Structures are given as structure tokens and as C-alpha cells.
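K.L.:
how would this look folded up:
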Amino acid sequence: MNWKKGAVGLLFALASMGVAHADIGQNAHDRGDFKSALDYWRPLASKGDVAAQIKLGQMYEEGDGVPKNLTQALSWYKKAADQGNAEAQFNVGTMYDQGEGIATDKNQAVLWYRKAAAQGNANAQYNLGVMYDTGEGLPQDKSQAFAWYSKAAEQGDADAEYNVGVMYDQGDGTGKDKSQAVAWYRKAADQGKVEAEYNLGIMYRDGEGVAKDGAEALSWFRKAADQGDADAQYNIGAMYADGDGITQDDTQAIAWFLKAAAQNDVEAEYNLGVMFRDGEGVAKNAVQAVFWFERAASHRYADAAYNLGIMYRDGDGVPADPAKALEWLRKAKSLGYDGGSDDEQDEPSDGKTIPI
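P.N.:
Okay, the predicted model is just below:
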């Protein structure tokens with residue numbers, strides 16, 4: 001939620017640089033002829049051309065055609081910033097913020113962000129929101145964070161839209177309003193913000209701020225899952241396993257749990273153990289059940305450690321081994337499992353299963 005934005009380059013749509021110079025310099029830069037680009041831009045920058053100053057700053061920052069030199073980058077950005085250019089002011093702010101080309105100075109970062117933000121620079125508005133949100137360089141003030149995120153969000157910044165949604169969702173810096181949370185999540189999700197897609201899935205699944213709708217929840221989870229979000233992959237598996245708002249389908253549940261487990265999602269690992277043990281969506285396979293329970297237990301999942309204890313006790317998928325059984329049961333207890341105790345290991349194993 002609180003990653004800040006870094007320095008940005010300038011698109012050449014500025015009237016201060018002649019079109020011919022802008023085209024020649026940019027064309028040279030785009031084909032990798034950095035020397036020619038510098039030959040065009042440096043004289044203009046020395047004469048005070050803002051766009052050329054920013055471009056020189058960018059070239060020094062990235063090491064394009066010149067040795068990378070953040071101090072020189074800052075110097076050129078500062079020249080443009082002192083002329084009131086918002087993009088340059090933002091870039092100066094990020095360099096003070098991150099200690100690039102100069103010692104880190106959060107006060108100077110805030111000063112330059114404020115200059116840029118006052119001109120409507122969405123990146124600066126967003127970064128001010130982060131600083132108020134986290135108390136970094138400013139006294140923590142959630143209402144101020146919300147105000148700055150809102151300014152950036154109103155300009156279509158997807159990260160800000162998502163953060164506004166979170167703050168409405170949690171009542172953090174503003175009144176809790178689930179319907180507003182949904183509205184802002186949707187704006188961010190429509191721009192492909194994976195966290196917003198995931199949160200919309202939760203809202204539709206649980207009926208928070210919107211009518212409960214399993215199909216819509218699945219659709220949003222799927223968008224996030226297709227971007228590789230493991231939590232979304234797990235939740236799709238859980239919806240199919242439970243028939244939560246959609247048709248129950250253990251085969252689909254297995255498929256989605258496997259995707260999430262490939263990213264070390266512990267809940268998915270555990271549920272795969274249960275499904276292989278019980279033959280849900282797959283043929284019963286105690287060896288595979290042990291494999292997945294061990295994966296989950298290695299991630300400190302208490303129920304998985306407990307089930308391993310039972311399987312070692314009963315010789316289910318592994319050779320019976322009372323010592324290992326006791327070891328796993330004790331491990332489960334140390335991890336916080338409170339559904340059983342070591343003394344219960346003499347009871348029949350069919351009284352020991354843990355459903356999904």
C-alpha cells in the first residue's frame with residue numbers, strides 16, 4: 001500500500017523546446033545515438049530550456065551516453081525545478097527522499113513534493129500521501145494521507161485509487177464506507193491493479209459494500225489470479241471446494257490450489273494434503289497427502305503438523321513411526337494447535353481428520 005513513486009522522465013510535449021530540436025534530439029536518443037542527443041540538448045539546457053534540462057538530468061540519472069552521475073542529474077533537475085516545472089520538482093523531491101545524488105533529507109523531499117503537488121502533479125500528491133500515512137518525514141496523519149491520496153486518485157492514479165479504497169474499507173483516515181471502497185477498488189482494478197482486483201473479489205464474495213455475488217467474486221479473483229496473485233488463486237480454489245456462490249467442483253479446486261501452492265501458499269498446501277488424503281477431486285493418495293502436509297508444516301502450519309502426526313501414527317502414506325508421530329503432534333501443539341493433544345494419539349485415526 002505504501003510504496004512511493006520514483007523520478008520520472010519527461011515526454012516531449014513542451015513548448016519551451018523548439019519542435020525541430022525536440023524531434024532531432026529525441027530521434028537521436030531513441031536510436032541510441034546519445035552523443036548527438038547530448039549535442040542538441042546541452043546548449044539548450046545551458047540557455048535555460050526546461051525540457052532540455054530535464055532530459056539531461058534523466059540521461060545522467062540513467063547513464064545514457066554519459067557516465068551515470070546522480071549529482072549531475074540532481075543539478076539539472078534542480079535547474080528546471082527552480083523555474084517552476086512540476087515534473088522536475090517531483091524528481092528533485094524523490095532524490096532527496098531516496099538519498100540519490102545528495103544526502104537523504106526528508107524535509108527537503110516534502111518541500112519539493114509540495115511544490116509539485118500544488119501544481120497538480122499526481123505522483124507528488126501520492127508520495128505525500130505515503131509520507132503522512134507512514135509518518136515518514138512528517139507527523140503521521142491518516143486524514144492528511146487520505147486527502148493527498150484522494151487528490152492523486154481523482155487524476156486517475158491507480159495506486160492512489162487503491163489506497164483510497166483501502167482507507168474507506170478500513171475506516172482509516174476517513175469514515176468507513178464499504179460502498180465507496182468498492183467504487184475506488186473498481187477504478188484501480190479497471191487499470192489492472194492486482195490488489196484492487198483481489199479486494200473486489202473479497203467484497204463480492206462476502207457481500208461488503210455490494211450485493212453478494214459468487215460469479216462476480218470469481219471473475220475478479222480470476223483477474224488477479226491471472227496476474228499471478230497467490231491469494232486469489234487460493235480463494236478460487238476455496239470457492240470451488242466449498243461451492244461458495246458457484247458450483248462446487250473439487251477438480252477445479254485442486255487445480256487452483258496447485259497454482260497457489262506453487263507460490264508457497266500454506267493454506268493451499270494444507271488443503272491439497274486434505275484432498276489427497278480424502279480423495280476429493282483426485283484419487284486418494286496418502287503419499288501425496290504426506291508430501292503436502294509436510295510442505296505446509298514446514299511453513300509452520302499447525303493443523304498440517306497435527307495431521308502428519310496422525311499419519312505417522314497410523315502408517316498412512318508413511319511407515320508407522322510412533323516416535324515421529326509424537327514429534328509431529330508436539331510440533332503441532334507448539335505451533336498453537338488446540339484441537340487435540342499428545343494423549344489422544346491412541347484414539348482411532350478417523351476421529352482425527354481436519355476438514356478444509
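
K.L.:
Could you pull out the helices in the stretch 251-356 of the chain for me?
P.N.:
Assigned by DSSP state H, counting those that start in this stretch, the stretch 251-356 of the chain shows helices spanning 266-278, 286-298, 302-314, 322-334.

K.L.:
Is it possible to get the ones you listed out as TSV so that each row also shows mean pLDDT, distance to Ser46 and mean neighbour count?
P.N.:
No exception for glycine: its C-beta is placed from N, CA and C like everyone else's. TSV is the format used below for those (pLDDT from 0 to 100; distance: least, Cβ to Cβ, whole Å; neighbours: other Cβ atoms under 10 Å):
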stretch	mean pLDDT	distance to Ser46	mean neighbour count
helix 266-278	97	59	24
helix 286-298	98	61	20
helix 302-314	97	67	25
helix 322-334	96	69	17
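
K.L.:
need those in JSON lines with distance to Glu197, can you?
P.N.:
Output for the helices of the stretch 251-356 of the chain, formatted as JSON lines (distance: least, Cβ to Cβ, whole Å):
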{"stretch": "helix 266-278", "distance to Glu197": "19"}
{"stretch": "helix 286-298", "distance to Glu197": "26"}
{"stretch": "helix 302-314", "distance to Glu197": "29"}
{"stretch": "helix 322-334", "distance to Glu197": "35"}
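
K.L.:
among those, which is nearest Arg114?
P.N.:
helix 266-278 (43.3 Å; Cβ to Cβ).

K.L.:
Could you list every helix and strand in contact with the closest one?
P.N.:
Applying 3 or more Cβ pairs under 8 Å, 6 or more residues apart in numbering; DSSP states H and E, one finds that helix 266-278 contacts helix 230-242, helix 250-261, helix 286-298, helix 302-314.

K.L.:
Dump those helices to TSV, plus distance to Ala217.
P.N.:
Below are those laid out as TSV (distance: least, Cβ to Cβ, whole Å):
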stretch	distance to Ala217
helix 230-242	7
helix 250-261	14
helix 286-298	25
helix 302-314	25
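
K.L.:
do you know which of the ones you listed lies nearest Gln191?
P.N.:
helix 230-242 (16.9 Å).

K.L.:
and the angle for the closest one with helix 250-261?
P.N.:
160 degrees (axes from the mean of the first three to the mean of the last three Cα atoms, to 10 degrees).

K.L.:
Residues contacting helix 230-242, please?
P.N.:
194, 197-198, 201-202, 205, 214, 217-218, 221-225, 244-246, 248-250, 252-257, 259-260, 263-265, 267-268, 271, 275, 280-281, 356 (Cβ atoms under 8 Å, 6 or more residues apart in numbering).

K.L.:
same thing with stretch 287-300?
P.N.:
Contacts for stretch 287-300 (Cβ under 8 Å, 6+ apart): 261, 264, 266, 269-270, 272-274, 276-277, 282, 303-305, 307-308, 311, 316-318, 328, 331, 335.

K.L.:
and if you look at stretch 193-206?
P.N.:
Under Cβ under 8 Å, 6+ apart, the answer for stretch 193-206 is 1, 158-159, 161-162, 165-166, 169, 178, 181-182, 184-189, 208-210, 212-214, 216-221, 223-224, 227-229, 231-232, 235, 239, 244-245.

K.L.:
What residues sit buried inside that stretch?
P.N.:
Residues 193-205 are the ones in stretch 193-206 that count as buried (16 or more other Cβ atoms under 10 Å).

K.L.:
Then stretch 65-79?
P.N.:
Quick answer for stretch 65-79 (16+ other Cβ under 10 Å): 65-66, 70, 72-79.

K.L.:
before we move on, the earlier item: which among the helices and strands packed on helix 266-278 is found nearest to Gln26?
P.N.:
Using Cβ to Cβ, the helices and strands packed on helix 266-278 put helix 230-242 closest to Gln26, at 40.1 Å.

K.L.:
and the closest one, C-alpha only, in CSV?
P.N.:
This file holds the C-alpha atoms of helix 230-242, laid out as CSV (Å, rounded to 0.1, in the frame of the first residue of the first chain):
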residue,chain,number,x,y,z
ALA,A,230,-1.4,-16.5,-5.0
ASP,A,231,-4.1,-15.3,-2.6
ALA,A,232,-6.5,-15.0,-5.4
GLN,A,233,-5.6,-18.5,-6.7
TYR,A,234,-6.2,-19.9,-3.3
ASN,A,235,-9.5,-18.2,-2.9
ILE,A,236,-10.7,-19.5,-6.3
GLY,A,237,-9.8,-23.0,-5.1
ALA,A,238,-11.6,-22.4,-1.8
MET,A,239,-14.7,-21.2,-3.6
TYR,A,240,-14.8,-24.3,-5.8
ALA,A,241,-14.0,-26.6,-2.8
ASP,A,242,-16.8,-25.2,-0.8
